[in-house]
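**Student:** Okay, sequence plus prediction incoming.
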Amino acid sequence: MPNSDLRIDILGTEVTITTDEEPEYLNFLLDKYRQTIESVRRVSGLKDPLKLAVLTGFILCDDLEKAGTQEAKERTTGEVEKITRGMISRLDEALKASETAAPDKTVSAEKVTVTAYKLENAVKNYDWGSPEWLPAFLGQKNISRIPWAELWLGVNPSGPSRVVPDSCLLSDLIGGDPPAFLGKETAERHGTLPFLLKVIAAAKPLSIQVHPNAEQAREGFERENREGIPIDAANRNYKDPNLKSEMLCALSPFAALCGFRKAEEIALLLDIILLNTGINGSGLRDVIEGLVLALRQEQDEDLGINDESLGINPGNSLRNSSLKNFLSALFALERETLLSLGLFIKINQTQLEKDFPEYADEWHLCSYLATLHPGDSGIIAPLYLNIVELEPEEAIFIPAGTPHSYINGMGIELLSDSDNVLRGGLTSKHMDHAELMRILDFSEFMPQIMRPPEVFSLHSYPVGEFALSVMHGSGTKLPYTDPGPSILLFTEGNAALESSDTEMDLKKGESVFIPAGKMAVFSGTFTAYIASCKFL
């Protein structure tokens with residue numbers, strides 16, 4: 001059989017393949033490849049040719065592996081889309097590439113008149129996520145069994161929402177006429193949607209982390225730009241110049257670590273450990289004694305945020321200095337020492353719980369963390385950070401500079417549209433302890449647990465310029481008249497949206513964007529979380 005040449009021009013790259021297959025068969029394969037790559041492009045929103053090619057190859061390999069099996073026969077037509085979404089986050093990390101292409105569509109001015117836009121949102125895949133929780137929430141399958149960790153709703157370029165059925169980016173829609181979609185004040189201040197709404201599914205603990213305030217973020221972003229650190233580099237701390245404060249509202253029972261404990265409590269808990277292990281020579285003993293001394297010499301100097309409504313207490317220079325010294329000594333401990341410390345806690349957990357039952361949760365969590373992250377300095381974080389437990393609809397606010405880690409549960413997170421993270425433990429990712437120490441707020445901080453009113457169907461938690469609200473529909477018509485731009489995420493039940501120009505049905509896992517100044521009426525039995533702009 002004579003050789004056949006097939007010239008392929010896909011995604012701007014031309015390749016010629018010589019083979020002894022019939023030209024008709026080669027053209028059939030080319031059509032299949034083009035159809036698959038177009039499906040991947042449509043679902044993912046990707047424009048980078050390398051990313052599209054890698055994802056398409058993955059999908060086709062998956063088809064080949066399952067060809068002829070019962071599982072392949074039972075697969076739904078949308079399964080390629082599910083696998084595609086599940087691979088995007090990991091592909092971003094592997095290729096270290098960012099999208100710089102122009103927007104897909106030009107948004108016409110006529111669309112400004114529409115009251116609500118249904119959204120398709122990006123799923124992020126991290127190891128701490130769950131293969132079941134988010135897929136169940138969204139009513140989707142996850143045959144790949146890749147952990148689904150976060151659902152992003154907003155305009156952040158690392159995971160932008162798209163408007164369906166048009167499939168244009170929400171950021172492009174807003175960019176067509178920012179004052180009309182955002183309102184004049186929000187458009188002048190921010191130019192685009194300034195918040196990011198997430199659903200997080202923490203099946204395992206996240207890293208201990210801290211986020212910068214506005215000044216720290218701007219300075220750090222400009223500094224790393226001058227140093228020539230690529231924006232997608234693994235050692236990049238500041239991905240943007242924006243502050244990052246956040247609010248977490250539980251969808252299920254939710255556990256977190258948040259804020260430094262009182263110094264005397266830290267000293268007590270660490271004394272219990274140090275008295276029973278062989279690490280006294282590490283220098284931690286002197287640091288803990290310094291914490292106690294600082295308490296006795298406490299001054300009135302206020303170096304932290306003083307807002308009792310948020311549960312933030314003022315600190316003082318001596319105590320803060322002692323906490324800083326403690327963390328520096330902790331981060332400097334040898335891995336062998338930390339392994340021994342973790343082993344001691346695991347072996348003696350039952351005895352510690354018996355001898356100090358008031359801190360049973362702390363010993364249990366330390367043992368759990370030591371099992372997940374042996375040799376990590378974060379295994380004793382429950383001894384210096386507060387353990388916070390939330391019931392559904394309870395919420396906490398986490399200011400910039402506050403150390404925290406989400407331990408377990410599903411929740412709604414509302415934050416400034418930023419991806420700036422400084423990590424301090426419980427992770428294999430990049431940690432910059434020096435920069436972490438520079439932006440940490442060492443004040444004692446126990447977040448106030450905010451609970452919804454029992455009577456009202458609509459209540460709101462303020463987060464600086466943003467607010468997280470929850471709306472309960474009980475069958476009657478419920479007007480929605482928030483003046484600012486909003487994203488509504490439906491977490492339970494079914495709802496019908498009606499306005500002068502729009503009608504749509506919405507179910508659990510679905511979401512809509514409502515531009516500024518638009519009014520609608522909801523009916524049905526449902527729960528919806530609402531992120532909106534509030535200038536307080």
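**Tutor:** Here it is on my side, so go on.
**Student:** Phe526 contacts Glu492, doesn't it?
**Tutor:** Yes: between Phe526 and Glu492 there is a contact at 6.0 Å, judged by C-beta atoms under 8 Å. Just so you know, the C-beta spots here come from the backbone N, C-alpha and C atoms, and that holds for glycine as well.
**Student:** More neighbours: which of these two?
**Tutor:** Phe526 (22 against 15; other C-beta atoms under 10 Å).
**Student:** For that one, give the beta-bridge partners.
**Tutor:** In this entry, Phe526 is beta-bridged to Gly473, Gly493, by DSSP bridges.
**Student:** Contacts only, for it.
**Tutor:** His472, Gly473, Phe490, Glu492, Gly493, Asn494, Ala495, Leu506 (C-beta atoms under 8 Å, 6 or more residues apart in numbering).
**Student:** Redo those as JSON lines? Include distance to His433 and pLDDT.
**Tutor:** Converted to JSON lines, the contacts of Phe526 look like this (distance: C-beta to C-beta, whole Å; pLDDT from 0 to 100):
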{"residue": "His472", "distance to His433": "44", "pLDDT": "91"}
{"residue": "Gly473", "distance to His433": "48", "pLDDT": "92"}
{"residue": "Phe490", "distance to His433": "41", "pLDDT": "98"}
{"residue": "Glu492", "distance to His433": "42", "pLDDT": "97"}
{"residue": "Gly493", "distance to His433": "46", "pLDDT": "97"}
{"residue": "Asn494", "distance to His433": "49", "pLDDT": "97"}
{"residue": "Ala495", "distance to His433": "47", "pLDDT": "97"}
{"residue": "Leu506", "distance to His433": "45", "pLDDT": "97"}
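**Student:** Among those residues, which one lies nearest to Gly175?
**Tutor:** Nearest to Gly175 out of the contacts of Phe526 is Leu506 (C-beta to C-beta; 25.1 Å).
**Student:** name the element that closest one belongs to?
**Tutor:** Leu506 belongs to strand 503-507 when elements are defined using DSSP states H and E.
**Student:** what packs against that strand?
**Tutor:** strand 486-498 (3 or more C-beta pairs under 8 Å, 6 or more residues apart in numbering; DSSP states H and E).
**Student:** looking at the contacts of Phe526, which has the most residues close by?
**Tutor:** Result: Ala495 is most packed of those (other C-beta under 10 Å), 24 neighbours.
**Student:** For Ser328, list the residues it contacts.
**Tutor:** So Ser328 contacts His433, Met437 (C-beta under 8 Å, 6+ apart).
**Student:** Can you tell me the SS state at it?
**Tutor:** Under the three-state scheme (DSSP: H, G, I helix; E, B strand; the rest coil), Ser328 adopts helix.
**Student:** same deal with Leu323?
**Tutor:** helix.
**Student:** Do I have it right that it meets Leu291?
**Tutor:** Yes: the criterion here is C-beta under 8 Å, and Leu323 meets it with Leu291 at 7.1 Å.
**Student:** joint contacts of those two?
**Tutor:** Ala263, Ile266.
**Student:** Check the spacing between Thr36 and Arg145 real quick.
**Tutor:** 21 Å (C-beta to C-beta, to the nearest Å).
**Student:** and what of Pro241?
**Tutor:** 38 Å.
**Student:** More neighbours: those two, which one.
**Tutor:** Using other C-beta under 10 Å as the criterion, Pro241 and Arg145 rank with Pro241 on top: 17 against 10.
**Student:** From Ala136, how far out is Glu394?
**Tutor:** In terms of C-beta to C-beta, Glu394 sits 22 Å off from Ala136.
**Student:** Can you get me a residue count around the closest residue to Phe442 other than its chain neighbours?
**Tutor:** Ranked by C-beta to C-beta, 6 or more residues apart in numbering and with sequence neighbours excluded, the top spatial neighbour of Phe442 is Asn320, at 3.8 Å. When neighbours are defined as other C-beta under 10 Å, Asn320 has 21 of them.
**Student:** what do you get for Asp432?
**Tutor:** 14.
**Student:** Kindly report the same for the one 5 residues further on.
**Tutor:** In terms of burial, Met437 registers 16 neighbours under the definition other C-beta under 10 Å.
**Student:** what does the strand holding Leu506 rub up against?
**Tutor:** Ala116, Lys118, Gly139, Phe490, Gly493, Asn494, Ala495, Ala496, Leu497, Val512, Phe526.
**Student:** those strands in the stretch 151-300 of the chain, which residues are they?
**Tutor:** According to DSSP state E, counting those that start in this stretch, the stretch 151-300 of the chain carries its strands in the segments 162-163, 168-169, 195-202, 208-210, 246-250, 254-260.
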